[in-house]
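Peer 1: my questions are about this predicted structure, shown below with the sequence.
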Amino acid sequence: MFNNLHHHLFLFGTMLLLWLLLSASVSPEELVTGLVSAALVSMLSAPYIDIFNGLRYTPMALISMIGYLGYFFYALIIANFDMARRVLSPSLPISPELVEVETSLTSKLGQMLLANSITLTPGTLSVELRHNKILVHWIAAPDDVDLASATRDIAAGFEKHISGFLK
Amino acid sequence: MRLAADLLILLGAIFCFLGALGLVRMPDTYNRIQAGTKAATLGSIAILLGVALLYPAWWSKLLCIGGFLLFTSPVSSSVLARAVYLSGKQPWRIPASEKAEVETSLSQTGETP
């Protein structure tokens, strides 16, 4: 387990942070319980720790993660107003199509994050993930859509941000 | 502060209502999932923000709930959509007779296809 020590430390930190947020106190008893539980969780999850393999542990990764969060919330808000407009328009302006997008992310975590992000952004819903292609339901697909243009329009923006902190 | 909180909760409720309206109006499963997921996510987050303004002591727990929602709601939607796709359902497409009409309304609303 010690060849994956950095992943365990990352998990430990995340669990401890979650504990602190949930307990909302730093009294010694709470803190000790939290430390023990976080250590226990990060040790017990050793068989599944490979999921973190794509993470980059560099200062730049933190910056691009913050950039990703900003981009994500912006896209989320746009997506909601876009959906509200479509639902409220009497003519229901949609032209749905299933399209494929390609991703250069190779880690499971990275692909999952990209698919999740696609689902929460304007007019797109991840349907299926095969190798490095994500099948996306696009609510307003243009007529002449192909792999390259769909990748550019749907995935490229997120991929640029995600690739900063995940492989 | 009270006013801002009430406004946020109202906004959240409106988005949740729009999600429900989308479920009724959309023509097929994929589109219904889309309408439901997006509106419900921002709706819930707006409500959580409003509650955080009303009860500032709860902010850390509300943050956890928000993060949990953001991670799980797209996963459940994608899994539903995948099940629909694997069962062989093709997405609804605009009938040819209505196609020209919809494209006009798309261009009017400033859509960039």
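Peer 2: Looks like it arrived, so ask away.

Peer 1: all contacts plus neighbour counts: C-alpha atoms, from now on.
Peer 2: Will do.

Peer 1: double-check A:Leu22 against B:Cys64; I have them as touching.
Peer 2: Yes: counting by CA atoms under 8 Å, A:Leu22 touches B:Cys64, with 7.3 Å between them.

Peer 1: who touches the strand or helix carrying B:Phe17?
Peer 2: Using DSSP states H and E, the secondary-structure element containing B:Phe17 is helix B:2-25. Residues outside helix B:2-25 that contact it (CA atoms under 8 Å, 6 or more residues apart in numbering or on different chains) are A:80, A:84, A:87-88, B:32-33, B:35-40, B:42-54.

Peer 1: and the longest helix along chain A, how far out from the chain middle?
Peer 2: Counting residues, the longest helix found in chain A (DSSP state H) is helix A:59-88. Relative to its chain's centre, helix A:59-88 lies at 11 Å (CA atoms, centre = their mean, to the nearest Å).

Peer 1: again with stretch B:62-75
Peer 2: 14 Å.

Peer 1: likewise stretch B:34-54?
Peer 2: In terms of CA atoms, centre = their mean, the centre of stretch B:34-54 is found 9 Å from the chain centre.

Peer 1: buried residues, that stretch. List them.
Peer 2: B:34-54 (16 or more other CA atoms under 10 Å in any protein chain shown).

Peer 1: among the residues you listed, which lie within helices?
Peer 2: Using DSSP H, the buried residues of stretch B:34-54 in helices are B:34-54.

Peer 1: report how many residues lie close to A:Asn116.
Peer 2: Per other CA atoms under 10 Å in any protein chain shown, the neighbour tally for A:Asn116 reads 22.

Peer 1: just for chain B, where's the confidence low?
Peer 2: Applying pLDDT under 70 to chain B picks out residues B:95-113.

Peer 1: repeat that with 90
Peer 2: Where chain B drops to pLDDT under 90, the residues are B:1-2, B:15-43, B:55-61, B:63-64, B:67-113.

Peer 1: up against chain A, what does it have?
Peer 2: For chain B, the contact set with chain A under CA under 8 Å from any CA of the partner chain comprises B:15, B:18-19, B:21-22, B:25-26, B:30-31, B:34-35, B:37-39, B:42, B:60-61, B:64, B:71, B:74-75, B:77-79, B:81-82, B:85, B:91-94, B:102-103, B:105-106, B:113.

Peer 1: with that, I have no additional questions.
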